[in-house]
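Asker: 3D, please:
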Amino acid sequence: MNEIETKALEIARLLQDGKGKDVCVLDISELNSWTDYFIIATVNSSSHQQGLYKDVKEYIKDHALEIHTVHRKTSDGDDWNLIDLGPIVVHLMSEAARNFYDLEKLWFAGRKIDFKTA
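Answerer: From the prediction side, this is the model:
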């Protein structure tokens, strides 16, 4: 396991501990040239999303990572926040957005990593 994968799994565990639902880690490094891992988590509310974002930001600061950019899919930012760390992209999504965009299906060729046992 490389250092970036280790950090991706740690972020996934952080989201799981923060009550993110259905946390998923996809290794998509063989499918594109712009990132290696997607971490996807469903949030319950905008305050839950903000809390998880804060936790991820703290992890980033403590582990020498840097945020390249943060995107919000909707104008109010409640449906989908994307945190681009370069080799890792974190998606914090409402249940409706996650069902609509279905990133796991879109990136089905990626390798799903069981972060709970890794």
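Asker: So which residue is smack in the middle of this structure?
Answerer: Here the mean C-alpha position of the chain is nearest to the C-alpha of V90 (Cα atoms, centre = their mean), at a distance of 2.4 Å.
Asker: Give me the three-state assignment for that one.
Answerer: Classification of V90 using DSSP: H, G, I helix; E, B strand; the rest coil returns strand.
Asker: going forward can the numbers begin at 13, since that is how I track them
Answerer: Noted, 13 is the first residue going forward, which turns the last one into V102.
Asker: Can you point out the buried residues in the longest helix seen in the chain?
Answerer: Longest helix in the chain by number of residues, with DSSP state H as the criterion: helix 58-74. By neighbour count on 16 or more other Cβ atoms under 10 Å, the buried set for helix 58-74 is H60, Q61, G63, L64, Y65, D67, V68, Y71, I72. For the C-beta atoms, the positions are set from N, CA and C on the backbone; glycine is no exception.
Asker: Which strands or helices does that helix pack on?
Answerer: helix 15-29, strand 49-55, strand 92-96, strand 100-106 (3 or more Cβ pairs under 8 Å, 6 or more residues apart in numbering; DSSP states H and E).
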